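[1] predicted model follows, preceded by the sequence.
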Amino acid sequence: GHRFARRAEAAARVDQQRAEAATAVAVAERDRAKRESQKAHRALDLLDDLWANVDTSRMARPDYPVHELLRDYERVVTASASGEPEVEMRLRCSLTKLHVAAGKQQSAIQHATRAIELAQAIGVPAREVEARILRAIVLMETDYRAAERDVTAALALATPERDVEPRLLAQALELRVKCMLRVDRLQDALADAEAALRLREADGGAHGLACALQALARVLITLDRVGDSDTAVAHSEKAIELLAPFGEKDPASITAILQLAVLKQRRGELEAAETLYLDGMRRQRLLYGEDHWAVAATRSSLAWLLYAHGRFDEAEPMLKEALAVFRRDLGEQSARASEAILRLGAIAAKRGDLAAAEALLADAVERYETLPSHHGEGRVASLGQLACVQWHRGRRTAAQATQQKAVDRAQRALPATHRAVTVEMTRLADMHAGLGDLAAAEALYRDALARSEQAGRVDEAALQRKRLAQLQAPASAAVEASTSSGR
């Protein structure tokens, strides 16, 4: 009997301990929910304070622009959220997003930096990961190296034992893909894009999956291997389909449309690309207004498409407008400004204004060679375009030397079968032929042809075969360098 009593007493103690543990969990959850509710109410109180400071009589008037409203918001945060780091951190993140929407990059960076400081003070890794990802997104346009430092720090914190959600790890990987593409680390970018896609697939969210598909498509565009273009188109179209329910003003949806436009343009489907650019720009205007740098970026891309159509009179003013916005909102060292300068130089060359073209292209080359956040394809393109202009101005030896630099840069920075590599090699072979060095020209044509065939680019391979046939013709010594291969 005593043994039975002891067993019953032990069982009762276990039941009591379980009940106490369950009560403790319930109390902790209740307290957590209460704290979250208090934070939410505090944030709403701050928004009420903001509204109280708004001059509502000016709300519908054009002389009360959004940046004034944001200044009112900032004043309320500074005055009212002091001593409440988590509330202030959330509001700083909101301010960052608002300034990004307004195109105010420096203000956005300042608020994101303060959000990181507050997250560190709070000591919750997931909050710091979110804040660093947010700042990296802003920095990507102006200082990708600083963006990469934030992404690296976020990835170091984004571990399961620190209770960081897989979606944040995936987002950090997608951002690192962008950083790696800037420095031509294409295989590393591919590995990160595939890892992000696996995380998004496991998570199951349509929006996140679409973002991962876009990141992978972006890498495939740059790799430019056999079949990559078709796969990238399929990924981009799937992303657009997944994002359709989120509405016309969803930023990821707009990005997917514009990425598909780039793909269509590279495939020579210019009418389809123009339709996509116009749709993307229409949506951007709905989201950001007319004067945002993102709208200017699409205007620059559309202008380059018009250049391919030979519509120079339409393209040039669009590029000049875009360049002014880039300089104003992203700074003089912006890679987007350099790209616009390069494109303006190409238009001037096509119009026959070779002096203006050379000045613009020499500026573009210097910028791509010396400024941060400038990618390899732009360096190659600027050198190749400058070499063409030098050739047509009669400085053929200098042109050949510049073109050799373009080939060297392309072969170092890009995959062996990349379109830019074979285009620049073909152009250099043209110049060797024009200067009478037929052996060097033949070697380059054959090398470029092998790469083009390996990549499955039929039209380009046909051009290189034609050049080889010209070398073997009796008049081959008179072959003049043609710049039409620099499409």
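    Happy to help now that I have it.
[2] so which elements touch the helix or strand in which Leu213 is found?
    Leu213 belongs to helix 206-223 when assigned by DSSP states H and E. The contact analysis (3 or more C-beta pairs under 8 Å, 6 or more residues apart in numbering; DSSP states H and E) places helix 206-223 against helix 166-182, helix 186-203, helix 228-243, helix 251-266. C-beta here means a position set from N, CA and C on the backbone, and glycine is covered the same way.
[3] residue contacts, Ala294?
    Residues in contact with Ala294 (C-beta atoms under 8 Å, 6 or more residues apart in numbering) are Gly103, Gln284, Tyr288.
[4] still on that earlier bit, relative to helix 251-266, how tilted is the helix holding Leu213?
    For helix 206-223 against helix 251-266, the angle by axes from the mean of the first three to the mean of the last three C-alpha atoms, to 10 degrees is 30 degrees.
[5] and the residue positioned nearest the centre of the chain, how far is that from Gln214?
    Closest residue to the average C-alpha location of the chain: Lys178 at 5.7 Å, with C-alpha atoms, centre = their mean. Note on Lys178: its distance to Gln214, by C-beta to C-beta, to the nearest Å, is 11 Å.
[6] one step back: convert the C-alpha atoms of the helix holding Leu213 to CSV, please.
    In CSV, the C-alpha atoms belonging to helix 206-223 read as follows (Å, rounded to 0.1, in the frame of the first residue of the first chain):
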residue,chain,number,x,y,z
ALA,A,206,4.2,33.0,-53.8
HIS,A,207,5.8,36.4,-53.4
GLY,A,208,9.1,35.1,-52.1
LEU,A,209,9.3,32.3,-54.7
ALA,A,210,8.8,34.9,-57.4
CYS,A,211,11.7,37.0,-56.0
ALA,A,212,14.0,33.9,-56.0
LEU,A,213,13.1,33.1,-59.6
GLN,A,214,14.0,36.7,-60.6
ALA,A,215,17.3,36.4,-58.9
LEU,A,216,18.1,33.2,-60.7
ALA,A,217,17.0,34.6,-64.0
ARG,A,218,19.2,37.6,-63.5
VAL,A,219,22.2,35.3,-63.1
LEU,A,220,21.3,33.3,-66.2
ILE,A,221,21.0,36.5,-68.3
THR,A,222,24.6,37.3,-67.3
LEU,A,223,26.0,33.8,-67.8
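[7] run the chain-centre distance for that helix.
    Distance, stretch centre to chain centre, for helix 206-223: 11 Å (C-alpha atoms, centre = their mean, to the nearest Å).
[8] quick one: the strands in the stretch 251-400 of the chain?
    Taking DSSP state E, counting those that start in this stretch as the criterion, the stretch 251-400 of the chain contains no strands.
[9] which regions of it lie under the pLDDT threshold?
    Applying pLDDT under 70 to the predicted model, the stretch 251-400 of the chain contains no residue that meets it.
[10] give me that answer again for 90
    Scanning the stretch 251-400 of the chain for pLDDT under 90 picks out 266-268, 287-291, 371-377.
[11] sorry, back to before: and which of the contacts of Ala294 is nearest Ala335?
    Gly103 (16.6 Å; C-beta to C-beta).
[12] count the neighbours of the nearest residue to that closest one once chain neighbours are set aside for me.
    Leaving aside its sequence neighbours, Gly103 sits nearest to His292 (C-beta to C-beta, 6 or more residues apart in numbering; 4.4 Å). Summarising burial for His292: neighbours were counted as other C-beta atoms under 10 Å, giving 19.
[13] hmm, back to that, just checking, the residue nearest to the centre of the chain touches Tyr144?
    Yes - under the criterion of C-beta atoms under 8 Å, Lys178 is in contact with Tyr144, at a separation of 7.4 Å.
[14] Gln265 - how many residues pack around it?
    The criterion is other C-beta under 10 Å. On that basis, Gln265 has 20 neighbouring residues.
[15] any figure for the gap between it and Glu237?
    When distances are taken as C-beta to C-beta, Gln265 and Glu237 turn out to be 15 Å apart.
[16] now do Tyr307
    Remark: distance between Tyr307 and Glu237 (C-beta to C-beta) = 26 Å.
[17] ok, Ser107 next?
    Ser107 is 36 Å from Glu237, where distance means C-beta to C-beta.
[18] quick one, which of those two is more surrounded?
    More neighbours surround Ser107 than the other of Ser107 and Glu237, with 20 against 15 (other C-beta under 10 Å).
[19] any idea which element the nearest residue to the more buried one once chain neighbours are set aside lies in?
    Of all residues beyond its chain neighbours, the one nearest Ser107 is His99 (4.3 Å), with distances taken as C-beta to C-beta, 6+ apart. Taking DSSP H and E as the criterion, the element that holds His99 is helix 85-101.
[20] what helices or strands is that helix leaning on?
    Judged by 3+ C-beta pairs under 8 Å, 6+ apart, the packing partners of helix 85-101 are helix 2-53, helix 66-80, helix 105-122, helix 125-139.
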